[in-house]
Structure formats: C-alpha cells, structure tokens
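**Q** A predicted structure for the sequence below; I have some questions about it.
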Amino acid sequence: MTDNSRPLPLLQTPPVAARPICPVCGTTSYSRRGIHPQCAQLQADGRRMTKLKAVKRQTESKTKASNPLALRPWHKRCPKCRAELHIRKTTCDCGHRFAAMRSG
C-alpha cells in the first residue's frame, strides 16, 4: 500500500541557521563577528570622539578663563562702561556715543 496523500518535494534544503543581528544598527549581519564593518568603525570612532570632545572641553574652559575680556565677532566694547555691544550700535545704554564711521 502506498501513501499518495502528499507529494515529495523536489528540492530539500537543509535548515538555515539564523544570521546574527548587528548590535549597532539592528539589521542582519553577514560578517563572521556578527557586526557590520561600518558599524564597528562607527562604534570605535564613537569612543574616540567622546575622548576628543572631553579634551576639547577642558582646553576651551581654560582659554575662556584665561581671557575674560575677549570679544565675540561683530561686537565692540564701550570704553565708558566696558559693555559688549553689536558693531552697528551707535550709542551705549550708559550714554556713550560712538564716533560715526564714514565709508568713502
């Protein structure tokens, strides 16, 4: 007696192992280590960049403390009250009037 209830499949493939998920981007990874090379580079650069930013913050705080009278671009200092004003202002709140510059 033969069992004709179900036909045999033509191609039988072995079960495929699940691919690892990249821990950085969350997609399927095809590399051996389970992380995309680009993602590994981003991860390594992230650590390096946080160290560089910390060093930069420390040096910036030292430079700001060393020169408290430094002016920002497009600003000038009032000689009377030492206030920092925009370059286009002609009078200060203290009453000082700046000399008018003529373009010529």
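**A** Nice, thanks for sending it over. Numbering: from 1, shown residues only.
**Q** can you give me the helices in the protein?
**A** 37-66 (DSSP state H).
**Q** Tell me where the model's unsure across the protein.
**A** Applying pLDDT under 70 to the chain picks out residues 1-4, 62-68, 101-104.
**Q** quick one, domains of it?
**A** 19-67, 69-98 (automatic domain parsing).
**Q** For the last one, buried residues please.
**A** If you call a residue buried by 16 or more other C-beta atoms under 10 Å, then domain 69-98 has these buried ones: 78, 85, 92. Placement of C-beta: from N, CA and C, glycine included.
**Q** count of residues packed around S31?
**A** For S31, the tally of surrounding residues (other C-beta atoms under 10 Å) stands at 13.
**Q** Then R47?
**A** Residues lying near R47 (other C-beta under 10 Å) number 9.
**Q** Now do it against L85, distance only.
**A** Between R47 and L85 the computed distance is 43 Å (C-beta to C-beta, to the nearest Å).
**Q** do R72 as well
**A** 11 Å.
**Q** And for D93, nearest residue in space, chain neighbours not counted?
**A** A83 (6.9 Å; C-beta to C-beta, 6 or more residues apart in numbering).
**Q** no no, R19
**A** Excluding the flanking residues, the one nearest R19 by C-beta to C-beta, 6+ apart is T28, at 4.7 Å.
**Q** which residues touch that neighbour?
**A** Applying C-beta atoms under 8 Å, 6 or more residues apart in numbering to T28 gives the contacts 19-22.
**Q** So among those residues, which ones count as buried?
**A** C22.
**Q** Make CSV from the contacts of T28 and add distance to Q38 to it.
**A** Converted to CSV, those look like this (distance: C-beta to C-beta, whole Å):
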residue, distance to Q38
R19, 17
P20, 16
I21, 15
C22, 9
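**Q** For the contacts of T28, name the two members farthest from one another.
**A** R19 and C22 (9.7 Å; C-beta to C-beta).
**Q** any common contacting residues for those two?
**A** Counting by C-beta under 8 Å, 6+ apart, the contacts common to R19 and C22 are 28-29.
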